[in-house]
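>>> Sequence first, then the predicted structure, then my questions.
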Amino acid sequence: MSLVTVGAELLSAKERLQNFKNNVTIFGSARIQESDPIYTDAYRLGKELSNAGYNVFTGGGPGIMSASNKGAYEGKSKSIGLNIELPNEQSSNPYLDENITFNYFFSRKVMLVKYSSACIYFPGGYGTADELMEVLTLMQTRKMNKVPIILYDSKFWSSLLSWIEQTVDKSYVNREHFELIKVVDSIEEIMTIVESEVCL
């Protein structure tokens with residue numbers, strides 16, 4: 001990894017993204033199929049956010065990202081993808097008003113949250129968990145402003161939340177930082193949180 005290349009990626013992305021305001025970032029699995037009900041939920045959320053005046057940021061790929069971008073693309077605001085070059089499963093979805101491709105996860109993750117006013121996590125795998133933990137760590141250490149962190153599908157996230165609860169019990173994590181997380185089971189709940197905490 002070249003520091004010069006990373007710096008150039010960050011600068012280029014900044015120039016393209018800094019003028020977008022009222023942005024919400026949606027994370028989730030690239031492997032979820034259109035036949036999965038949660039794909040429909042992500043599509044609906046993207047469209048509702050877009051129609052409410054929020055630009056939707058995703059990782060720009062398939063699955064939850066594609067569903068969210070499709071909804072946003074059909075709505076009134078912008079659909080923005082921050083993709084990454086990978087050997088498998090990560091081609092850009094076709095529902096993007098703005099598409100930026102990164103070589104490095106580091107610079108991509110920075111830009112997914114730098115201009116975001118809320119972070120929403122649908123079920124996903126290692127990548128989604130990595131992105132969640134990174135944001136929690138940045139907020140815990142005050143390297144990032146506090147924004148709503150919303151986990152969708154309480155059943156899916158229950159095991160991870162139980163583990164985090166153990167870290168709180170052992171004082172590895174302060175309860176106030178655990179309480180940054182909001183867990184919901186409906187699109188209506190997400191919209192209520194976003195609209196009450198993210199001012200347009």
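All right, it came through fine.
>>> Pull out the buried residues from the helix or strand bottoming out on mean pLDDT in the chain.
For the chain, counting by mean pLDDT, DSSP states H and E, helix 3-17 ranks last in confidence among helices and strands (a mean of 89). Within helix 3-17, the residues scored as buried using 16 or more other CB atoms under 10 Å are V6, E9, L10, A13, L17. C-betas here are computed from N, CA, C, even on glycine.
>>> residue ranges with poor pLDDT in the protein?
Applying pLDDT under 70 to the chain flags residues 1, 87-90.
>>> hmm, what's the outermost residue in it?
Most distant from the centre of the chain: K170, at 28.7 Å, with distances by CA atoms, centre = their mean.
>>> Angles on the backbone of that residue, please.
The phi/psi pair for K170 (degrees, to the nearest 10) reads phi -90, psi 10.
>>> Kindly report the same for the one 3 residues further on.
As for V173, its main-chain torsions (degrees, to the nearest 10) stand at phi -130, psi 140.
>>> Number of residues surrounding it?
16 (other CB atoms under 10 Å).
>>> List the buried residues in stretch 29-44.
For stretch 29-44, a neighbour-count test (16+ other CB under 10 Å) marks S29, A30, I32, D36, I38, Y39, D41, A42, Y43, R44 as buried.
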